[in-house]
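1. just the structure for this:
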Amino acid sequence: MTPPEGVGFTDPLSTTLKSKTGSQQPGRYAAAEKIKIAFCGASSKVVSPFVLNEWQPPVLWIKALHISFMVTWFAGLFYLPRLFVYHAMSDDAISIERFKIMERKLFFGIMTPGAILTIVFGVWLLWRYGAAYHGMPWLHAKMFLVLLLIAYHLFCGKLLRDFKQDRNRYHHVFYRLLNEAPVLALFGIVMLVVVKPASPVVVMLILFFTVLVPALIMIPIAAKRRLLK
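-> Take a look at the predicted model:
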């Protein structure tokens with residue numbers, strides 16, 4: 001197993017396996033190689049977790065955790081505004097108290113931990129491989145959308161406090177429209193990350209349809225005060 005081109009490190013496990021070929025204990029090193037493949041995948045481009053004196057988690061594990069917690073975060077972003085819809089439509093005290101409990105547990109038990117861990121593993125990926133994408137417009141656009149999602153998350157926290165104190169000011173239609181914002185952001189982020197458009201024009205078009213168009217729809221409705229109770 002030879003190091004990939006352009007990578008300035010030597011995999012000690014692979015080197016050991018080479019030097020031990022034909023030795024008296026071939027099974028021992030073959031087993032170690034199987035363990036390496038199980039953790040790192042078959043590709044030799046992944047750093048082995050058996051690097052001497054320094055354990056570096058393979059990037060695929062970090063990416064898998066980042067995506068998993070992103071799904072958890074978005075599950076809360078999709079569901080909490082829907083709870084706000086039904087909460088705003090409720091009149092009886094039993095339903096109102098039930099929604100307060102559901103909203104609190106969703107926000108603090110699922111949404112916020114998912115958001116924090118998504119950001120932690122995302123920053124970890126950016127720290128390790130951000131230099132490779134330096135100056136690419138799609139990455140800057142993705143970071144912009146992530147910042148908008150963080151602001152959306154914090155705004156949901158404010159709405160949660162308003163509901164908790166029984167001072168909601170918005171009509172249920174407002175929350176129905178608010179519920180669509182993370183869907184558009186998710187489309188934009190997935191398109192940017194998967195396609196990685198190098199053209200600033202394409203990046204701006206994605207931002208236009210995921211940010212500007214929804215804002216142009218929401219602002220006139222809010223100006224007519226249709227969203228207030």
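2. residue 80: how many residues sit nearby?
-> Residue neighbour count, defined by other C-beta atoms under 10 Å, stands at 24 for residue 80. C-betas here are computed from N, CA, C, even on glycine.
3. ok, residue 164 next?
-> So residue 164, with other C-beta under 10 Å, has 12 neighbours.
4. with adjacent residues omitted, what lies nearest to it?
-> Distance criterion C-beta to C-beta, 6 or more residues apart in numbering; nearest residue to residue 164, sequence neighbours excluded, is residue 100 at 5.8 Å.
5. that neighbour and residue 209, how far apart?
-> Distance of residue 100 to residue 209, given as C-beta to C-beta, to the nearest Å: 36 Å.
6. so how far is residue 94 from residue 213?
-> 40 Å.
7. do residue 166 as well
-> 14 Å.
8. do residue 141 as well
-> Distance from residue 141 to residue 94, by C-beta to C-beta: 45 Å.
9. and what of residue 104?
-> According to C-beta to C-beta, residue 104 stands 16 Å off from residue 94.
10. swap in residue 201?
-> Distance from residue 201 to residue 94, by C-beta to C-beta: 54 Å.
11. repeat for residue 182
-> 29 Å.
12. quick check: residue 110 touching residue 71?
-> No - Residue 110 is beyond contact range of residue 71, at 11.0 Å (criterion: C-beta atoms under 8 Å).
13. and the two? Which one has more around it.
-> A count of neighbours by other C-beta under 10 Å puts residue 110 above the other of residue 110 and residue 71, at 16 against 10.
14. pLDDT value on the nearest residue to that one once chain neighbours are set aside, please?
-> Nearest residue to residue 110, sequence neighbours excluded (C-beta to C-beta, 6+ apart): residue 76, at 4.9 Å. Looking at residue 76, its pLDDT reads 95.
15. what's the longest helix seen in the chain packed up against?
-> Scanning the chain for the helix with the most residues, using DSSP state H, yields helix 59-89. Other helices and strands packing on helix 59-89, by 3 or more C-beta pairs under 8 Å, 6 or more residues apart in numbering; DSSP states H and E, are helix 93-106, helix 112-129, helix 137-164, helix 172-178, helix 181-195.
16. hmm, try it at 6 Å
-> helix 93-106, helix 112-129, helix 172-178 (3 or more C-beta pairs under 6 Å, 6 or more residues apart in numbering; DSSP states H and E).
17. okay, buried residues for that helix please.
-> 59, 62, 65-66, 69-70, 72-74, 76-77, 79-81, 83-85, 87-88 (16 or more other C-beta atoms under 10 Å).
18. pull the number of nearby residues for residue 92.
-> The burial count for residue 92: 8, using other C-beta under 10 Å.
19. separation between it and residue 105?
-> Residue 92 is 20 Å from residue 105, by C-beta to C-beta.
20. check residue 88 too.
-> Residue 88 is 19 Å from residue 105, by C-beta to C-beta.
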